[in-house]
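Chemist: pasting the sequence and the predicted coordinates here, then a few questions.
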Amino acid sequence: MKKLFTGGHYKIFLVRMLFVFALFTLTRILFFIFNKGHFNEIVFTDFIYILLAGLRFDTSAIIAFYSVFIIQSIIPFHLKHRNFYQIILLIIYTITTAIAMAGNLLDCAYFRYTFSRTTSDIFNVLGLGSDFSILFTQYLKDFWYIFLIWIFLTILSVLFFLKTKVVEVKIQSLQNIFSAYIKELFIFIILIAICIVGIRGGFQLRPITIMTAGQYTSAKNVALVLNTPFIIMKTIDKHGVKNNKYFNDIDLNKIYSPIHNYYKKNCTCKKNNIVIIVLESFSKEYIGELNKNLDNGNYKGYTPFLDSLIKQSLYFPNAYANGKRSIESIPSIFAGIPSLINDAYITSMYSGNNIMSLASTLHNLGYSSAFFHGGTNGTMGFDVFAKLAGFDNYYGRSEYNNEKDYDGKWGIYDEEFLQFIANKLDAYSQPFIAGVFTLSSHHPYKIPEKYLSKFPEGKLSIFKSILYTDFALKKFFEKISKKSWFDSTLFIITADHTSESEFPQYQTQSGIYAIPLLFYKHNSNIKGENKNIVQQTDIMPSILDYMNYNKNFIAFGESVFDTSDVHFAINYINETYQFFYKNYIYIFDIKKDLLMKNDLLKKQTTIAKEIENRLKAVIQSYSQRLIKNDMYVSN
């Protein structure tokens with residue numbers, strides 16, 4: 001085989017590593033192409049700058065991931081040119097390249113669902129439940145072209161390696177051998193020093209982090225500067241939360257405290273049934289009633305039943321998810337605990353902490369409780385969390401026990417499982433609280449064959465499954481509306497997170513978190529529009545406020561019924577906190593600047609300081625209570 005490059009082992013080592021840099025740059029370009037809709041504001045010159053900036057993070061990741069290959073290539077060892085040694089290097093080089101390319105290419109498709117690069121938390125998620133093999137197979141089916149690109153790049157790296165050859169340098173005398181060894185040892189030490197600098201990202205005091213990428217672009221484009229191996233490398237040891245201390249305890253509690261008590265004298269406790277329905281991947285964007293101005297007022301959405309229910313409910317057009325993954329939403333909704341760390345709370349080292357959830361809190365008032373999710377038992381640790389949160393029972397695919405309604409990929413179809421829930425709730429003594437988590441609108445968006453022609457295709461593949469789940473929800477309400485417990489039940493309907501987006505307003509830093517939230521109680525005065533900023537962690541305090549619960553509890557949210565407090569929403573992505581407060585998100589006016597192009601807080605120093613202090617107080621309280629296992633109040 002004719003060689004493209006021949007020379008000494010240092011020259012060939014450099015050529016091989018430059019090829020790796022080229023592969024990282026290529027996958028960054030592919031990442032941009034596959035997710036261009038998210039990065040639609042980037043012009044050519046900005047993109048070239050991002051490619052150059054990305055080399056700093058590529059260098060760090062490449063040195064770390066290829067460390068075994070690098071050491072084996074430069075170690076002072078005279079037989080490096082031998083065929084057996086080069087075969088060993090080829091194996092190491094190929095395996096390392098295959099793993100690195102798999103990470104970068106994975107996010108070419110997966111980024112559209114999370115809007116962030118994959119972190120080391122993926123290893124925790126893979127260990128939860130038995131869905132991985134099924135979902136991975138579906139991923140390969142839907143994104144087969146990504147798999148083919150991965151195979152092509154892996155083979156290309158093998159071919160390139162074989163096109164390089166280390167030429168043997170013959171040394172005649174023992175003295176020359178010794179001199180050559182000393183020279184190689186010196187070069188080895190120099191190269192190791194260079195690698196140390198490279199893996200740190202430069203000579204600065206501290207090594208580069210994920211947040212360093214923010215120096216080169218806006219928060220929205222940070223993922224483009226980074227690469228997935230770097231993210232995994234930087235998050236793999238993130239097992240704890242930093243003990244942030246911005247204020248002393250007295251000042252902290254003046255600015256913010258997660259301890260609540262909404263008891264009102266002369267008001268009796270309302271022991272209504274509570275049903276919280278969490279709709280998988282239901283972005284606010286998909287709901288016509290919440291987007292009357294979209295598409296020049298012609299937008300109809302994909303949720304005709306929800307549209308009709310919203311008109312009879314108290315709803316919130318400015319509601320936000322606390323995270324971008326299902327595993328992050330459950331603690332937020334049912335326990336008022338957002339995931340403000342790299343690991344999801346459920347998989348973090350704090351998941352065994354003593355917490356106050358709706359189930360455990362209402363248990364003291366005589367409530368029975370159940371959590372329903374039609375997925376395979378163990379999925380994302382929902383069953384374990386439900387138990388830790390104090391739910392009496394968990395119902396999943398195993399408890400449903402009828403595989404003819406299994407979609408073959410993710411779990412039991414929504415229509416059948418919601419009917420199952422309606423029947424199960426009949427057997428519960430009142431009052432009860434139920435958590436319901438749908439799943440059919442989860443990728444791969446599979447719906448029953450009998451409905452394939454009922455629901456039209458939309459611009460995005462998720463739209464058909466949104467129509468189906470909305471239909472299943474309608475059938476559920478039709479059935480339970482005839483139950484004796486229906487009129488005495490408060491329903492809360494929201495989403496776990498957002499998903500794919502069609503309109504630019506929902507591709508901004510606020511839009512990617514915009515979800516529906518509504519409170520519905522039949523024949524009640526809980527109706528109308530509330531324009532306050534609200535979040536998933538507001539659900540628990542809102543329910544306890546509505547009930548006139550008379551004891552203290554902890555939740556990192558506020559009651560939506562509380563008119564005396566200033567509402568906020570918080571989320572966390574790429575080691576960056578986003579804080580929605582008084583119509584601002586960071587430095588952006590979310591009412592007047594839908595595409596977030598103007599920094600309006602530069603001249604608003606007073607409100608900017610207020611936002612900063614409020615955010616720091618929330619972070620400090622959250623981190624300290626996690627560390628101290630102080631998420632529980634004894635009454």
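Modeler: That came through fine. Residues are numbered from 1 along each chain as shown.
Chemist: element containing the nearest residue to residue 473 once chain neighbours are set aside?
Modeler: In space, and not counting its chain neighbours, residue 473 is closest to residue 305: 5.7 Å by CB to CB, 6 or more residues apart in numbering. No exception for glycine: its C-beta is placed from N, CA and C like everyone else's. Element membership of residue 305, judged by DSSP states H and E, is helix 304-310.
Chemist: what about whichever helix or strand comes after that helix, distance to the chain center?
Modeler: Per DSSP H and E, the first helix or strand lying C-terminal to helix 304-310 is strand 314-315. Mean-position distance between strand 314-315 and its chain equals 26 Å (CA atoms, centre = their mean, to the nearest Å).
Chemist: and residue 350, how many neighbours?
Modeler: For residue 350, the tally of surrounding residues (other CB atoms under 10 Å) stands at 20.
Chemist: residue 571: helix or strand, and which one exactly?
Modeler: Short version: residue 571 belongs to strand 568-573, going by DSSP H and E.
Chemist: sheet-wise, list the partners of that strand with their directions.
Modeler: strand 576-581 (antiparallel) (DSSP bridges).
Chemist: and after the strand it pairs with, which helix or strand comes next?
Modeler: Sequence order places strand 584-585 as the next helix or strand after strand 576-581, per DSSP H and E.
Chemist: pLDDT below threshold where in the stretch 101-250 of the chain?
Modeler: 121-135, 169-178, 180, 237-240 (pLDDT under 70).
Chemist: surely residue 294 is in contact with residue 503?
Modeler: Yes - the pair residue 294 / residue 503 is scored as a contact, 6.1 Å apart, by CB atoms under 8 Å.
Chemist: by residue count, tell me the biggest helix in this structure.
Modeler: helix 83-114 (DSSP state H).
Chemist: for that one, list every residue counted as buried.
Modeler: 85-86, 89-90, 92-94, 96-98, 100-114 (16 or more other CB atoms under 10 Å).
Chemist: helices and strands around it, which ones?
Modeler: helix 9-34, helix 44-65, helix 67-74, helix 144-162, helix 228-235 (3 or more CB pairs under 8 Å, 6 or more residues apart in numbering; DSSP states H and E).
Chemist: switch to 6 Å and redo it
Modeler: Here helix 83-114 touches helix 9-34, helix 67-74, helix 144-162, helix 228-235, going by 3 or more CB pairs under 6 Å, 6 or more residues apart in numbering; DSSP states H and E.
Chemist: pLDDT of the first one, averaged?
Modeler: Across helix 9-34, pLDDT averages out at 95.
Chemist: what's the angle between that helix and helix 83-114?
Modeler: Relative orientation of helix 9-34 versus helix 83-114 (axes from the mean of the first three to the mean of the last three CA atoms, to 10 degrees): 20 degrees.
Chemist: show me what helix 9-34 is packed up against.
Modeler: By 3+ CB pairs under 6 Å, 6+ apart, helix 9-34 packs against helix 44-65, helix 83-114, strand 164-166.
Chemist: SS state for the closest residue to residue 201 other than its chain neighbours?
Modeler: Distances taken as CB to CB, 6+ apart put residue 208 closest to residue 201, at 3.1 Å, once the chain neighbours are dropped. Here residue 208 is recorded as coil under DSSP: H, G, I helix; E, B strand; the rest coil.
Chemist: next, residue 208: phi, psi?
Modeler: phi -70, psi 150 (degrees, to the nearest 10).
Chemist: so it sits right up against residue 198, yeah?
Modeler: No - Residue 208 is not in contact with residue 198 according to CB atoms under 6 Å; the separation is 10.4 Å.
Chemist: list the buried ones in stretch 607-621?
Modeler: 608, 610, 611, 613, 614, 615, 616, 617, 618, 619, 620, 621.
Chemist: now tabulate those in JSON lines and tack on secondary structure and pLDDT.
Modeler: Output for those, formatted as JSON lines (DSSP: H, G, I helix; E, B strand; the rest coil; pLDDT from 0 to 100):
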{"residue": "608", "secondary structure": "helix", "pLDDT": "78"}
{"residue": "610", "secondary structure": "helix", "pLDDT": "87"}
{"residue": "611", "secondary structure": "helix", "pLDDT": "85"}
{"residue": "613", "secondary structure": "helix", "pLDDT": "89"}
{"residue": "614", "secondary structure": "helix", "pLDDT": "91"}
{"residue": "615", "secondary structure": "helix", "pLDDT": "90"}
{"residue": "616", "secondary structure": "helix", "pLDDT": "90"}
{"residue": "617", "secondary structure": "helix", "pLDDT": "94"}
{"residue": "618", "secondary structure": "helix", "pLDDT": "94"}
{"residue": "619", "secondary structure": "helix", "pLDDT": "92"}
{"residue": "620", "secondary structure": "helix", "pLDDT": "93"}
{"residue": "621", "secondary structure": "helix", "pLDDT": "95"}
